[in-house]
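*Asks:* Based on what follows, work out the 3D shape:
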Amino acid sequence: MPADGSNGAVDPNFPAGLRIQPSSSNRPRPPSPKTTADPNSQTEPSDGETPSWEVDTAQDIELYGIAGRIWEAAYLLARYLVPPSQAGASLEFDPQCSFFPSPGQAPLTIVELGSGAGYGSLHLARQLVRHADALTERPPRTRLVLTDLENVVPLMERNVARAGYKEATDILDARVRSLAWGNQAHSSSLIAELQDDDRSSGNPITHILCSDLVYFPELLPPLLRSIISLSNPTNSDNRIEQSTDSGPQLVISYKIRSLTKEQPFWSALGSWFEFGAVDCRTAKGEWHRFGSEGADYGASVDADQELFVFVGHRRPDTFDRLAPERDTELMQGKRLRPCAESDSYELETPASGQDYFEWLLLSNMGAGLG
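*Replies:* Just a heads-up that it's a prediction; the model follows:
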């Protein structure tokens, strides 16, 4: 099944037997961090009610299927996507969130895959505006790109407009683009667009954001291909080269639903990325894995504790590698490396060993995983 559900194929947002309900009506309500946001900002509700972009509905689910629902790990991610100066009032993170530029820093370009209703990106957009308003000097403008299948674009555009970010400002340039997982043309087109903005031949993306995307086994290879493609360094010839830069930071929020089906993705990702789970603590608490306690996202103590936020970067030895064409080889962690004496590539299998995700589960850091 093509990842984009085109040419008559079944739309992956509408799997057989789909029966899901909106999550926002009974979602956890975490404490709001202290901010210095303008109380008259158009991105804030004037009557204290939840902004409409933060609410998923039965109507959206009927129209957009899975993409119309806000999934559980997105709420955890929202707790992480706050400026470190504001997060300290409730939780301290390790590593700290790196999505908030300071004056004089290079601009950020953040691409979210599988944005759906856009909850994660739009929460981040609100925090970026608050962060800039709290500074005496303006930080560089951040480009934020929401992506999903072509038939989800109207949902993303609607919610971007509802949140108040349809028009670019000197703080934020929020865009909506169609990008099907595994579609190299879509990834290349997006990178080329961002390069044209920068008049650069390198990869302009600084962060790749994913939330609640690891679920259906048939979608995991195309998802991994898009992550690899968007994190590759490129030049004007689109040929992958070695780089001294660590490349875009990858941030993934995740809820375990079926370890048997989902663990192969994490093992394969570990062939390309060095990544680890975010830890957190309160002012008087001990460090623990973020998401392992209900209080981390405003839920009760006995709430589901199968949530994670992972942060990673490309492994330095993968910058000149390509993803193999066969999905089975990709999910086995294999890679294509350039031949020394020609322009061709040959298949390689990296040294095996216990992968990080397996270690995380076995080390009891994922307490309550059952």
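
*Asks:* Quick check: next helix or strand after the helix or strand bottoming out on mean pLDDT in the chain?
*Replies:* Least confident element among the helices and strands of the chain, by mean pLDDT, DSSP states H and E: helix 84-87 (a mean of 76). As assigned by DSSP states H and E, the chain's next helix or strand after helix 84-87 is strand 92-94.

*Asks:* Can you list the strands that the helix or strand sitting right after that following strand along the chain pairs with?
*Replies:* Sequence order places strand 109-113 as the next helix or strand after strand 92-94, per DSSP H and E. If you go by DSSP bridges, strand 109-113 pairs up with strand 142-148 (parallel), strand 207-211 (parallel).

*Asks:* Figure out how far the first one is from the centre of its chain.
*Replies:* Using CA atoms, centre = their mean, to the nearest Å, the distance from the centre of strand 142-148 to the centre of the chain it belongs to is 10 Å.

*Asks:* got it, and stretch 323-332?
*Replies:* Here stretch 323-332 is found 22 Å from its chain centre; the criterion is CA atoms, centre = their mean.

*Asks:* Can you give me the buried ones in that stretch?
*Replies:* 323, 324, 327, 329, 330, 331 (16 or more other CB atoms under 10 Å). Where you see a C-beta, it was placed from the backbone N, CA and C, and this is true even at glycine.

*Asks:* now do stretch 147-164
*Replies:* Neighbour counts over stretch 147-164 (16+ other CB under 10 Å) mark 147-149, 151-153, 155-156, 158-160, 162-164 as buried.

*Asks:* could you dump those residues to a markdown table with distance to residue 253?
*Replies:* Output for those, formatted as a markdown table (distance: CB to CB, whole Å):
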| residue | distance to residue 253 |
| --- | --- |
| 147 | 16 |
| 148 | 16 |
| 149 | 20 |
| 151 | 24 |
| 152 | 19 |
| 153 | 22 |
| 155 | 19 |
| 156 | 18 |
| 158 | 23 |
| 159 | 18 |
| 160 | 20 |
| 162 | 22 |
| 163 | 19 |
| 164 | 24 |
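
*Asks:* Just give me the closest of these to residue 59.
*Replies:* Nearest to residue 59 out of these is residue 155 (CB to CB; 10.8 Å).

*Asks:* Where does the prediction get shaky in this protein?
*Replies:* 1-9, 26-51, 87-89, 234-245, 300-305, 353-354, 364-370 (pLDDT under 70).

*Asks:* Helices along the stretch 1-150 of the chain, start to end?
*Replies:* 58-64, 72-80, 84-87, 119-133 (DSSP state H, counting those that start in this stretch).

*Asks:* before we move on, the earlier item: looking at the buried residues of stretch 323-332, which are in strands?
*Replies:* Assigned to strands by DSSP state E, none of these qualify.

*Asks:* Among those residues, which one lies nearest to residue 214?
*Replies:* residue 331 (12.4 Å).

*Asks:* right, and the closest one touches residue 221 too?
*Replies:* Yes: between residue 331 and residue 221 there is a contact under CB atoms under 8 Å: 5.9 Å.

*Asks:* still on that earlier bit, adding distance to residue 206 as columns, could you present the buried residues of stretch 323-332 in a markdown table?
*Replies:* Shown next, in a markdown table, are the buried residues of stretch 323-332 (distance: CB to CB, whole Å):
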| residue | distance to residue 206 |
| --- | --- |
| 323 | 21 |
| 324 | 27 |
| 327 | 28 |
| 329 | 30 |
| 330 | 25 |
| 331 | 27 |
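
*Asks:* Could you single out the nearest of the residues you listed to residue 233?
*Replies:* Checking the buried residues of stretch 323-332 against residue 233 by CB to CB gives residue 323 as the nearest, at 14.8 Å.

*Asks:* what residues are up against that closest one?
*Replies:* 224, 225, 228, 229, 330, 335, 336 (CB atoms under 8 Å, 6 or more residues apart in numbering).

*Asks:* Narrow these to those in strands?
*Replies:* Using DSSP E, the contacts of residue 323 in strands are 335, 336.

*Asks:* which one of the contacts of residue 323 sits closest to residue 199?
*Replies:* If you rank the contacts of residue 323 by distance to residue 199 using CB to CB, residue 229 comes first, at 21.6 Å.

*Asks:* could you check the angle strand 109-113 makes with the helix or strand hosting residue 251?
*Replies:* Assigned by DSSP H and E, residue 251 belongs to strand 249-255. Going by axes from the mean of the first three to the mean of the last three CA atoms, to 10 degrees, strand 249-255 is angled at 30 degrees with respect to strand 109-113.

*Asks:* which residues sit against whatever helix or strand comes next after strand 249-255?
*Replies:* Heading C-terminal from strand 249-255, the first helix or strand you meet, by DSSP H and E, is helix 259-272. By CB under 8 Å, 6+ apart, the surrounding residues in contact with helix 259-272 are 214-217, 220, 223-224, 227-228, 231, 256, 275, 312, 314-315, 318, 321, 330-335, 350, 355-358, 361, 369.

*Asks:* What subset of those residues is buried?
*Replies:* Buried members of those, scored by 16+ other CB under 10 Å, are 214-216, 220, 223-224, 227-228, 231, 256, 275, 312, 314-315, 318, 321, 330-331, 333-335, 350, 355-357.

*Asks:* Provide a list of residues in contact with the nearest residue to residue 68 once chain neighbours are set aside.
*Replies:* Nearest residue to residue 68, sequence neighbours excluded (CB to CB, 6 or more residues apart in numbering): residue 60, at 3.5 Å. Shown in contact with residue 60 (CB under 8 Å, 6+ apart): 22, 68, 69, 117, 155.
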